[in-house]
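Asks: Sequence unavailable; structure follows:
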Ligand SMILES: [Fe+2]
Ligand SMILES: [Fe+2]
């Protein structure tokens with residue numbers, strides 16, 4: 001089994017230090033194989049905010065991958081915004097804007113969806129070079145490798161807001177994701193946590209791809225949801241999503257959903273089945289101290 005922690009929308013410059021410290025402690029206790037950070041590390045792309053984000057990344061006890069979000073581009077400095085909008089991001093956070101990494105039998109590609117030259121620069125887009133990168137990085141892998149792509153901007157709207165704006169060229173990009181055999185998409189931006197099959201929204205989608213959206217992990221700007229992040233357990237054909245939610249003093253276990261791929265389609269198991277499945281998983285792989293008990297309470 002490979003375990004990912006998916007965190008998003010940290011927004012340094014508008015964070016609660018207690019939440020930031022608790023998030024680091026919770027990730028350390030969970031000890032995932034990889035942390036995926038899907039953008040908006042800062043609130044206004046200021047030097048001090050990037051330095052705080054840098055300190056946070058340096059404190060992560062496990063490897064991480066990161067892509068920028070729209071808040072990591074300068075808003076008021078028009079010269080910087082239109083000439084080299086990600087200069088500070090590259091300086092403080094990462095030079096590679098479309099990182100790729102394989103951890104065990106899981107391959108993960110991040111794509112920078114931020115753009116400063118489109119109508120509304122809070123929205124994002126995927127370009128043809130990035131579609132070619134999707135084709136290229138997954139092409140040489142063993143067929144059994146589980147493929148994940150993460151972006152800041154979403155491919156799937158929340159269930160209660162089907163008209164929400166998605167990443168630009170989502171439908172076109174899906175054709176490349178389908179050919180590449182991608183099974184999981186991770187994103188943020190909306191500060192909402194939800195999951196679903198891409199086929200429930202994109203009428204022309206030809207492959208069942210699971211989408212998991214993360215809430216904001218540490219920002220005080222919330223959308224009727226607490227700060228939260230996702231712990232994702234990948235053990236094909238099963239995938240378990242464990243929400244970890246801020247409860248005022250620490251991150252605690254939230255909703256657990258189990259998915260299984262049957263005949264090429266992701267199927268969401270019922271809650272009871274999911275918990276039973278979790279029991280079997282935990283029995284096969286003893287949990288370290290501080291992780292969840294099978295009933296969902298802290299051990
Ligand atoms: Fe955000
Ligand atoms: Fe955003």
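Replies: The structure has been received and is ready for your questions. The structure presented is a predicted model; accordingly, all values stated were derived computationally and were not measured. Ligands and ions are numbered 1, 2, ... in the order given.
Asks: Can you tell me, leaving aside adjacent residues, what's nearest to residue 3?
Replies: residue 32 (4.4 Å; C-beta to C-beta, 6 or more residues apart in numbering). For glycine as for every other residue, the C-beta is placed from the backbone atoms N, C-alpha and C.
Asks: Tell me who's in contact with that neighbour.
Replies: Neighbouring residues of residue 32 by C-beta atoms under 8 Å, 6 or more residues apart in numbering: 3, 4, 5, 62, 231.
Asks: I'd like to know which of those is nearest to ligand 1.
Replies: residue 5 (17.7 Å; C-beta to the ion).
Asks: doesn't the closest one fall inside a helix?
Replies: No - counting by DSSP: H, G, I helix; E, B strand; the rest coil, one finds residue 5 to be strand, located in no helix.
Asks: give me the number of residues near whichever residue of the stretch 151-299 of the chain sits closest to ligand 2?
Replies: For the stretch 151-299 of the chain and ligand 2, the shortest gap (C-beta to the ion) falls at residue 189, measuring 3.9 Å. As a burial measure, residue 189 scores 28 neighbours (other C-beta atoms under 10 Å).
Asks: Report the central residue of this structure.
Replies: residue 186 (3.9 Å; C-alpha atoms, centre = their mean).
Asks: Which elements pack onto the helix or strand encompassing that one?
Replies: Secondary structure assigned from DSSP states H and E places residue 186 in strand 184-187. Helices and strands touching strand 184-187, by 3 or more C-beta pairs under 8 Å, 6 or more residues apart in numbering; DSSP states H and E, are strand 34-38, strand 146-150, strand 210-213, strand 228-235.
Asks: What residues are recorded as beta-bridge partners of the nearest residue to residue 217 once chain neighbours are set aside?
Replies: Setting aside the residues directly before and after it, residue 217 is nearest to residue 7 in space (C-beta to C-beta, 6+ apart), at 4.3 Å. Going by DSSP bridges, residue 7 is paired in beta bridges with residue 37.
Asks: which ones are touching residue 7?
Replies: 23, 27, 35, 36, 37, 38, 214, 217, 229.
Asks: What number of residues are in the vicinity of the third one?
Replies: Right, the one you point to is residue 35. 20.
Asks: Ligand 1 versus that one, what's the distance?
Replies: The gap separating residue 35 from ligand 1 is 17 Å, by C-beta to the ion, to the nearest Å.
Asks: Spit out the contact partners of residue 123.
Replies: 70, 115, 153, 165, 167, 168.
Asks: pLDDT at the third one, what is it?
Replies: The predicted local confidence for residue 153 comes out at a pLDDT of 97.
Asks: Is it correct that it is in contact with residue 187?
Replies: Yes - between residue 153 and residue 187 there is a contact under C-beta atoms under 8 Å: 6.3 Å.
Asks: Which residues are in contact with each of those two?
Replies: residue 167.
Asks: what about stretch 139-156, near ligand 1?
Replies: No - Stretch 139-156 stays clear of ligand 1 (C-beta under 5 Å from the ion), getting no nearer than 8.0 Å.
Asks: In that stretch, which residues are buried?
Replies: By 16 or more other C-beta atoms under 10 Å, the buried positions in stretch 139-156 come out as 145, 146, 147, 148, 149, 150, 151, 152, 153, 154, 155, 156.
Asks: I'd assumed residue 104 was in contact with the fourth one.
Replies: I take that to be residue 148. No - the criterion here is C-beta under 8 Å, and residue 148 misses it with residue 104 at 12.0 Å.
Asks: before we move on, the earlier item: toward the C-terminus from the strand holding residue 186, list the very next helix or strand.
Replies: strand 194-197.
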